[in-house]
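Colleague: Build me a model:
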Amino acid sequence: MLQEKELPLAVPEAVSLLKAWDTTKFDQTVELSFRLGIDPRQADQMVRGSVVLPNGIGKSLRVVVFAKGDKATEAQEAGADEVGAEELQQKIKDGWLDFDVCIATPDMMALVSPLGRTLGPRGLMPNPRAGTLTMEVAKVVGEYKSGKVEFRNNKEGVLHGIVGKMSFDEQKLVENVEAFIKHIQSLKPNSLKGHYFRSVYLTATMAPGIQISA
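Modeller: Numbering: from 1, shown residues only. Below you'll find the model as predicted:
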């Protein structure tokens with residue numbers, strides 16, 4: 001049994017232990033959980049954005065794009081699952097939400113904005129900070145299809161992010177975990193006083209969290 005005095009663990013040790021605990025018959029999702037020393041009430045201390053992990057996340061995200069003309073063609077060629085304008089807006093209004101990411105070109109926001117009450121609470125509203133409100137639709141579709149992860153802290157200052165699947169070999173998981181931590185470190189708010197990372201845990205769908213050093 002892991003003793004408290006042995007924590008926190010270095011990333012490679014934590015990944016090895018997590019995989020050793022895997023006794024399930026399905027491929028668990030592996031996540032990082034950060035407890036940040038930010039004040040979530042302060043707009044300049046929000047930590048949100050996206051990161052492309054070196055080894056993907058072991059899942060193909062379903063991507064929809066609001067675009068017209070050449071940009072619609074680019075999105076389709078990049079592998080978007082659904083591309084449209086007024087007809088896509090109506091489909092979502094009618095209750096269709098079978099997608100993980102919504103991307104839009106800026107000229108489409110007049111169509112997308114009325115969907116805010118539907119898309120916003122689900123974290124699907126196109127946003128420039130996440131890179132989903134953009135003219136570079138082909139690039140962004142490709143990033144999400146290859147393993148781009150969005151994240152944002154909640155009102156308690158906790159942030160979660162997927163880093164892969166339990167079936168990944170240890171080195172790939174280590175690379176993803178380290179890349180995610182490095183990216184979150186780079187987003188430390190300038191106005192923050194005190195510790196940024198209060199704790200960081202590596203966990204999986206059916207596994208306890210393992211505190212890691214970061």
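
Colleague: Going by C-alpha atoms from here, please, whenever you check contacts or count neighbours.
Modeller: Fine.

Colleague: May I see the buried residues of stretch 46-58?
Modeller: Within stretch 46-58, the residues that qualify as buried are 46, 47, 49, 50, 51, 52, 53, 54, 55, 56, 57, 58, counting by 16 or more other Cα atoms under 10 Å.

Colleague: isn't the first one right up against residue 40?
Modeller: Okay, so that is residue 46. Yes. Taking contacts as Cα atoms under 8 Å, residue 46 lies within contact range of residue 40: 5.9 Å.

Colleague: Could you tell me which residues touch both of these two?
Modeller: residue 153 (Cα atoms under 8 Å, 6 or more residues apart in numbering).

Colleague: what ranges of this protein fall below the confidence cut-off?
Modeller: Scanning the chain with the threshold set as pLDDT under 70 gives 1-6.

Colleague: Do a quick rundown of the strands in the protein.
Modeller: 29-36, 48-52, 63-66, 82-84, 101-104, 148-152, 158-165, 197-204, 207-211 (DSSP state E).

Colleague: Please render those strands as TSV that adds distance to residue 122 to the earlier fields.
Modeller: Output for the strands of the chain, formatted as TSV (distance: least, Cα to Cα, whole Å):
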stretch	distance to residue 122
strand 29-36	19
strand 48-52	15
strand 63-66	14
strand 82-84	18
strand 101-104	10
strand 148-152	12
strand 158-165	15
strand 197-204	22
strand 207-211	25
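
Colleague: ok, residues contacting the longest helix anywhere in the chain?
Modeller: Criterion DSSP state H: the longest helix present in the chain is helix 170-186. Outside of helix 170-186, the residues within contact range by Cα under 8 Å, 6+ apart are 11-12, 15-16, 19, 32, 47, 51, 53-56, 163-165, 214.

Colleague: What of stretch 153-160?
Modeller: Contacts for stretch 153-160 (Cα under 8 Å, 6+ apart): 31-41, 46-48, 151-152.

Colleague: pull the CA atoms of it into CSV?
Modeller: Taking C-alpha atoms only, stretch 153-160 is exported to CSV below (Å, rounded to 0.1, in the frame of the first residue of the first chain):
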residue,chain,number,x,y,z
ASN,A,153,-10.6,26.2,-14.0
ASN,A,154,-13.9,25.9,-12.1
LYS,A,155,-15.1,28.3,-9.3
GLU,A,156,-13.1,26.4,-6.7
GLY,A,157,-9.9,26.9,-8.7
VAL,A,158,-9.7,23.2,-9.8
LEU,A,159,-8.8,22.3,-13.3
HIS,A,160,-9.1,18.9,-15.0
